[in-house]
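1. Fold the following.
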Amino acid sequence: MKNIFLVATVLLFTAAMEAAGEEEFPGVKALMSAQEFEASGLRQLSAEQLEALDNWLLRYTAGEAQVLVQSNPEVRQTEREQEILSELKPPFSGWTGNTIFRLQNGQIWQQRRAGRHAHRGADLRVAISRNFLGFHKMTLLDTGKSVQVLRLK
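-> Below you'll find the model as predicted:
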């Protein structure tokens with residue numbers, strides 16, 4: 001159980017480093033789903049204890065977490081398992097700032113950061129990954145172009 005918590009922590013917070021400067025660190029409570037927060041027992045912590053945990057996680061992320069993401073097989077495997085692979089439903093011609101993306105797996109995502117990309121290819125395969133701040137990035141597999149997204153459904 002301790003190993004699973006460590007793996008989840010490392011995965012959650014490596015992305016925090018990737019997104020540094022883009023977003024303010026929201027804290028462990030905002031990063032977890034309500035079910036994860038409840039199951040972890042963190043609801044029993046006081047506000048001061050949660051703040052201390054958040055501060056530790058930031059320091060840990062800046063130091064040892066990045067080493068574990070690169071060197072620990074269990075962490076790397078968990079990271080790969082969290083990636084969503086699907087295809088966009090046609091028609092798709094790119095994104096323009098507030099684009100809605102409908103996937104073949106039934107999920108619906110929305111562009112969450114400004115940016116434009118005109119897509120002319122026929123390959124609509126995408127990979128969606130989550131960074132440590134909990135934000136998602138959708139990457140077109142044929143071109144490598146990516147956009148920040150928010151899951152709607």
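
2. centroid residue for this structure?
-> Here the mean C-alpha position of the chain is nearest to the C-alpha of R130 (CA atoms, centre = their mean), at a distance of 1.6 Å.

3. What's opposite the spatially closest residue to E83 that is not a sequence neighbour in the beta bridge?
-> The shortest distance from E83 to any non-neighbouring residue, by CB to CB, 6 or more residues apart in numbering, is to S129 (5.0 Å). Every C-beta, even on glycine, is put in place using the N, C-alpha and C of the backbone. Going by DSSP bridges, S129 is paired in beta bridges with K137.

4. L141 is in contact with G121, isn't it?
-> No: using CB atoms under 8 Å, L141 is not in contact with G121, being 10.1 Å away.

5. Now do the contacts for A114.
-> Listed by CB atoms under 8 Å, 6 or more residues apart in numbering, the contact partners of A114 are G97.

6. Helix, strand, or coil at it?
-> Following DSSP: H, G, I helix; E, B strand; the rest coil, A114 is assigned to coil.

7. contacting residues around stretch 92-106?
-> Stretch 92-106 is contacted by residues 84, 86-89, 108-111, 114-120, 124, 126, 138, 147, 149, 152-153 when judged by CB under 8 Å, 6+ apart.

8. on that earlier part again, just give the closest residue to the residue nearest to the centre of the chain, not the sequence neighbours.
-> Sequence neighbours aside, H136 is the residue nearest to R130 in space, at 5.2 Å (criterion: CB to CB, 6+ apart).

9. Report how many residues lie close to that neighbour.
-> If you count neighbours by other CB atoms under 10 Å, H136 ends up with 17.

10. ditto for L53
-> For L53, the tally of surrounding residues (other CB under 10 Å) stands at 16.
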